[in-house]
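Engineer: What follows is a predicted protein model with its sequence.
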Amino acid sequence: MAVDDRGFDGTGKVALITGGANGIGAAVARRLAGDGARVVLADVDAAAGTALAQELDGVFVRCDVREPAESEAAVAAAVERFGGLDVAFLNAGVAGGGGVGDDFDLAAYRRAMGINFDGVFFGVHAALPALRARGGGDIVVTASMAALTATPFDPVYGANKAAVVGLVRALGPKLAEEGVRVNALCPSFADTDILTPMKGHLQETGFPILDVADVVEAFMRILAADGAGEAWYVVPGRPAEPFKFRGVPGPR
């Protein structure tokens, strides 16, 4: 993995951001727009998304990522308004998928899996034709440190984030041959609304909470790097870099 010291040049680039109305998505949108990119914000929060799109001279598209047609419509909006697509940041996500046994909640399970995994898969499927039409581009998906370690406090979340990383690792090498780089962003507990239910407990126990600005910097490092199929961890006090997976045992 090599990182271009000049960083990512957003001039003339078009970026689609799911979950772009708030939190990490909104922070990345502001950074990309500040670097000269045109942004399309796809979210279910129409009020916040519309306001941010106006602030950044971008476009808001209401998008429930669980529905493939809505991801396709968001990509179409990027192409129609700005002429193409260069970056797809598939960031929409929720916590709390229920548990197993007495904690099982079918509606919570389907919502979490639909947004956190199906939404990424449908987003990749929707973005690929537009990225190929540009001769290549970047897909960055928000996974989590929960994809890289056990999460007994939210097993469904851990499972769908691990599935996202598995998808990225599977797609990365093949799509890189076409000039489309797919990578995952894996932040620990970041200071966003999704953290609200457990923020007090983390503060009481002294667990460090990640600044959203650090997640944005890691995202920009991914765009400036040359790797594909990588899962970049983002934790307080460490520089973001790709997680090194051990090789699996081969046959004897």
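Structural biologist: Thanks, I have it.

Engineer: what bridges to residue 181?
Structural biologist: residue 138 (DSSP bridges).

Engineer: ok, it - how many residues close by?
Structural biologist: 24 (other CB atoms under 10 Å). Every residue, glycine included, has its C-beta placed from N, CA and C.

Engineer: Any stretches of the stretch 1-150 of the chain with poor pLDDT?
Structural biologist: 1-6 (pLDDT under 70).

Engineer: can you give me the helices in it?
Structural biologist: With DSSP state H, counting those that start in this stretch, the ranges of helices along the stretch 1-150 of the chain come out as 23-34, 46-56, 68-82, 106-113, 119-133.

Engineer: what would those look like in TSV with distance to residue 250 and mean neighbour count?
Structural biologist: Listed next are those as TSV, based on distance: least, CB to CB, whole Å; neighbours: other CB atoms under 10 Å:
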stretch	distance to residue 250	mean neighbour count
helix 23-34	38	22
helix 46-56	48	17
helix 68-82	37	19
helix 106-113	32	15
helix 119-133	29	21
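
Engineer: now for those, which one comes closest to residue 222?
Structural biologist: Residue 222 lies closest to helix 23-34 among these, at 10.8 Å (CB to CB).

Engineer: quick one, the closest one and helix 46-56 angle?
Structural biologist: 20 degrees (axes from the mean of the first three to the mean of the last three CA atoms, to 10 degrees).

Engineer: With just CA atoms, put helix 23-34 into PDB.
Structural biologist: The C-alpha trace of helix 23-34 is given here as PDB (Å, rounded to 0.1, in the frame of the first residue of the first chain):
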ATOM      1  CA  GLY A  23     -22.400  12.000  10.900                       C
ATOM      2  CA  ILE A  24     -19.400  10.500   9.000                       C
ATOM      3  CA  GLY A  25     -21.200  10.900   5.600                       C
ATOM      4  CA  ALA A  26     -21.900  14.600   6.100                       C
ATOM      5  CA  ALA A  27     -18.300  15.200   7.300                       C
ATOM      6  CA  VAL A  28     -16.900  13.400   4.300                       C
ATOM      7  CA  ALA A  29     -19.200  15.300   2.000                       C
ATOM      8  CA  ARG A  30     -18.000  18.600   3.400                       C
ATOM      9  CA  ARG A  31     -14.400  17.600   2.900                       C
ATOM     10  CA  LEU A  32     -14.900  16.400  -0.600                       C
ATOM     11  CA  ALA A  33     -16.800  19.500  -1.600                       C
ATOM     12  CA  GLY A  34     -14.100  21.600   0.000                       C
END
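
Engineer: For it, what is the distance to the chain centroid?
Structural biologist: Mean-position distance between helix 23-34 and its chain equals 12 Å (CA atoms, centre = their mean, to the nearest Å).

Engineer: Show me what it is packed up against.
Structural biologist: strand 14-18, strand 38-43, helix 46-56, strand 87-90, helix 212-224 (3 or more CB pairs under 8 Å, 6 or more residues apart in numbering; DSSP states H and E).

Engineer: ok, residues contacting that helix?
Structural biologist: With contact meaning CB atoms under 8 Å, 6 or more residues apart in numbering, helix 23-34 is reached by 10, 13, 15, 17-20, 39, 41, 43, 48, 52, 56-58, 87, 89, 91-92, 142, 187, 190, 192-194, 212-213, 215-216, 219-220.

Engineer: Tell me what angle it forms with strand 38-43.
Structural biologist: 160 degrees.

Engineer: Tell me where the stretch 151-252 of the chain has helices.
Structural biologist: Under DSSP H, counting those that start in this stretch, the stretch 151-252 of the chain gives helices at 155-176, 196-205, 212-224.
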